[in-house]
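S.K.: I'd like to go over a predicted model; first the sequence, then the structure.
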Amino acid sequence: MSLVDKSCREFVTALSDKVSVPGGGGAAALGGAIGIALSTMVGNFTVGKKKYAEVEDEVKELIEKGLKVQEELLALIAKDAEAFEPLSQAYGLPNGTDEEKKVKAEVLERESKNAVAVPMEIMRKSYEGIKIHERMGQIGSRMLISDVGCGVVFLRGSLIAGKLNVMINLNTIEDQEFIKATKAEVDHLTDDGIKVADEVYQSVLNEITK
């Protein structure tokens, strides 16, 4: 059974087991999928209401975008697990001779870059989800505004957790240009994503606090 097809209980139990996958990357992707699903729920409760007729077309677009991000994040749960196995095997390669050391270094470099790719995508999708929530929080149903706040908090956590999974895998990469470019994107996604998420959260809190 694919990780994404497990029940909530099965997934959390698997997460707590003494096994390498699912791990932090899978948890980040699932958290992000839950976060963006809350935006879609708000949108679905908004569509069809006379009060929101003027923004209905835009809300429908946000729903469509949100469902796409949700599916992509769910798919990343399995992709994160798939990327870990080759990296784990690379750590176990022999390094007794110069030739073995050379082969091990090359494989580690390649698999570490592959292992970076999945959490980077988790970060990109989490960032995209935060931006969707930003707009949904402005035009979606006020009755469910707290769910926008809950969703953006999940996506903020997913974004940061994705960053941690990127950074740890950068430690075994020698390609400095790759590291520089990756860190630049990580910084942009983190800085702007957290800023927007915090603004959305605070706006929601202000609106629901008497």
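M.R.: Nice, I can see it. Numbering: from 1, shown residues only.

S.K.: from here on, just use CA atoms for contacts and neighbour counts.
M.R.: Noted.

S.K.: list the contacts for the residue nearest the centre of the chain?
M.R.: Closest residue to the average C-alpha location of the chain: Ile122 at 3.3 Å, with C-alpha atoms, centre = their mean. Contacts for Ile122 were tallied using C-alpha atoms under 8 Å, 6 or more residues apart in numbering; they are Ala28, Ala29, Gly32, Leu73, Leu76, Ser158, Leu159, Gly162.

S.K.: how far does the helix or strand bottoming out on mean pLDDT in the chain sit from the chain's center?
M.R.: Every helix and strand in the chain was compared by mean pLDDT, DSSP states H and E; the lowest is helix 8-16, with a mean of 90. Taking C-alpha atoms, centre = their mean, to the nearest Å, one finds helix 8-16 lying 18 Å from the centre of the chain it belongs to.

S.K.: in the next helix or strand along the chain from it, what counts as buried?
M.R.: Remark: after helix 8-16, the chain's next helix or strand is helix 24-46, criterion DSSP states H and E. By neighbour count on 16 or more other C-alpha atoms under 10 Å, the buried set for helix 24-46 is 24-44, 46.

S.K.: same question, stretch 65-75
M.R.: Using 16+ other C-alpha under 10 Å as the test for burial, stretch 65-75 gives Lys65, Gly66, Leu67, Val69, Gln70, Glu72, Leu73, Leu74, Ala75.

S.K.: try stretch 130-148
M.R.: Within stretch 130-148, the residues that count as buried by 16+ other C-alpha under 10 Å are 130-137, 139-142, 144-148.

S.K.: and what of stretch 156-175?
M.R.: Those would be 156-163, 165-167, 169-170, 173, for stretch 156-175 by 16+ other C-alpha under 10 Å.

S.K.: could you list which of the residues you listed belong to strands?
M.R.: Applying DSSP state E to the buried residues of stretch 156-175, no entry is found in strands.

S.K.: closest one to Ser126 out of the residues you listed, please.
M.R.: Among the buried residues of stretch 156-175, Leu159 lies closest to Ser126 (C-alpha to C-alpha), at 5.5 Å.

S.K.: how far off centre is the helix ranked longest in the chain?
M.R.: Using DSSP state H, we find that the single longest helix of the chain is helix 98-139. What separates the centre of helix 98-139 from the centre of its chain is 9 Å, taken as C-alpha atoms, centre = their mean.

S.K.: check stretch 67-82 too.
M.R.: With C-alpha atoms, centre = their mean, you get 8 Å for stretch 67-82.

S.K.: same thing with stretch 80-90?
M.R.: Its chain's C-alpha centre and that of stretch 80-90 lie 19 Å apart, by C-alpha atoms, centre = their mean.

S.K.: in that stretch, what counts as buried?
M.R.: So, applying 16+ other C-alpha under 10 Å, buried residues of stretch 80-90: Asp80, Ala81, Ala83, Phe84, Pro86, Leu87, Ala90.

S.K.: contacts only, for the first one.
M.R.: Translated: Asp80. So Asp80 contacts Pro22, Gly25, Gly26, Ala115, Val118, Pro119 (C-alpha under 8 Å, 6+ apart).

S.K.: which of these lies closest to Val12?
M.R.: Nearest to Val12 among the contacts of Asp80: Pro22, at 9.1 Å, using C-alpha to C-alpha.
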